[in-house]
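Asker: Next one to model:
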Amino acid sequence: MSGKLTIARLEVKGEVFEVLVHPDKALRYKMEGRPGVEEVIALDVIFTDASKGERASEERLRKAFGTTDHLRVAKEILDRGEIQITAEQRRQLIEDKRKQIIAYISKNFVDPRTNLPHPAVRVEQALKEVRVQIDPFRPAEEQVKKIIDELRAVLPLKTGTVRLQVTVPAQYASRVYGLLKSYGELKEEKWLEDGGLRAVVELPLASQGAFIDRISSATKGSAAITPLEGRRWTT
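Answerer: From the prediction side, this is the model:
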C-alpha cells in the first residue's frame, strides 16, 4: 500500500483535533490495538487542521484532554476518533467483510427447497445481483439481517436450529466431546457406565450435514446420531 500519510481526527467539545499517521499502521491499531501509538503517528504534533499545518495550543489540549502530553492525546484521538483510510484499504476491508458475511450466511442459512446451504459462490453472486452495500467497519453479524432481507429477492433462504442426540462409543468419547461443543450448544450430556457419551447438541440447520460428516469421520462411523423434536425454522 501507499506510504503516504493520512489523518486521524477527533472532535471534543466542538473542537477538532488531528494527528498525522501512517495509514497501514493506524488501521491495524484500530482493528487490533497494535502497534504502539508511537509507531502509528508520523509526527509528535497535534493539529487543529493538519492540512493547513495549524497546531493545537497547549491551552486547547489541556481543556479538551486534561493533558498536554502529545502521545497521550494522540492515543485518545486514535482510540475515540476516525481515521481517513485510503481507497485501497477500504477496498480490502470491504472484501474481507464480504467474505465474513458469505461465511456467516453459509453457516446459518439453507435453501428451503433442499435444506442444504447455498454454495458460497452462489451467495456471492446474489450479493452482486442485489448490489448490497457493505460497511467495512460494522461487524458482519450486525449487517446480516438487512442483507438477508435484500438477498431474499433473488435467493431463497431459511434459517433455524436442529437438535441431535449423539451417542459416542467409549474409545472416541473424550476426543469427540470438544468437537460437539465447537459445532453447537450442548443441551444435555451424560457419561455412560461403559465410558461412552450421550449428548444432545443444538446447532444451526445449515451446519447439520457438516456436523454429521465430521462426527462420523471422527468415530469411524460408530456414533449414533438421532434428530430430536425442537426444531425451529425461520423462512
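
Asker: Tell me where the protein has helices.
Answerer: Ranges of helices in the chain, per DSSP state H, are 23-32, 37-40, 58-65, 70-80, 87-108, 120-129, 140-151, 170-183, 208-218.

Asker: Pull up the distance across stretch 133-142, start to finish.
Answerer: 13 Å (C-alpha to C-alpha, to the nearest Å).

Asker: ok, back up a step: residue 50: which of the helices of the chain is closest?
Answerer: helix 70-80 (11.0 Å; C-beta to C-beta). All C-beta spots, glycine's among them, are computed from the backbone N, C-alpha and C.

Asker: picking up where we left off before, want to throw the helices of the chain into CSV with distance to residue 50?
Answerer: Listed next are the helices of the chain as CSV, based on distance: least, C-beta to C-beta, whole Å:
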stretch, distance to residue 50
helix 23-32, 13
helix 37-40, 15
helix 58-65, 15
helix 70-80, 11
helix 87-108, 18
helix 120-129, 37
helix 140-151, 31
helix 170-183, 47
helix 208-218, 50
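
Asker: Reformat these as TSV; add mean pLDDT, mean neighbour count and distance to residue 162.
Answerer: Converted to TSV, the helices of the chain look like this (pLDDT from 0 to 100; neighbours: other C-beta atoms under 10 Å; distance: least, C-beta to C-beta, whole Å):
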stretch	mean pLDDT	mean neighbour count	distance to residue 162
helix 23-32	92	18	35
helix 37-40	96	18	47
helix 58-65	96	15	53
helix 70-80	96	18	42
helix 87-108	93	16	12
helix 120-129	95	15	21
helix 140-151	94	15	19
helix 170-183	93	15	11
helix 208-218	93	16	5
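
Asker: for the ones you listed, which one sits closest to residue 202?
Answerer: Across the helices of the chain, closest to residue 202 is helix 170-183 (C-beta to C-beta), at 9.7 Å.

Asker: Just want the angle from that closest one to helix 208-218.
Answerer: On the basis of axes from the mean of the first three to the mean of the last three C-alpha atoms, to 10 degrees, helix 170-183 is oriented at 150 degrees to helix 208-218.

Asker: Neighbours of the residue nearest to residue 53 when sequence neighbours are not counted, how many?
Answerer: Once flanking residues are discounted, residue 53 sits nearest to residue 47: 7.2 Å by C-beta to C-beta, 6 or more residues apart in numbering. Using other C-beta atoms under 10 Å, residue 47 has 19 neighbouring residues.

Asker: and residue 47, what does it touch?
Answerer: Contacts for residue 47 were tallied using C-beta atoms under 8 Å, 6 or more residues apart in numbering; they are 17-20, 53-56.

Asker: Go again with 7 Å.
Answerer: With contact set as C-beta atoms under 7 Å, 6 or more residues apart in numbering, residue 47 has these partners: 18-19, 54-56.
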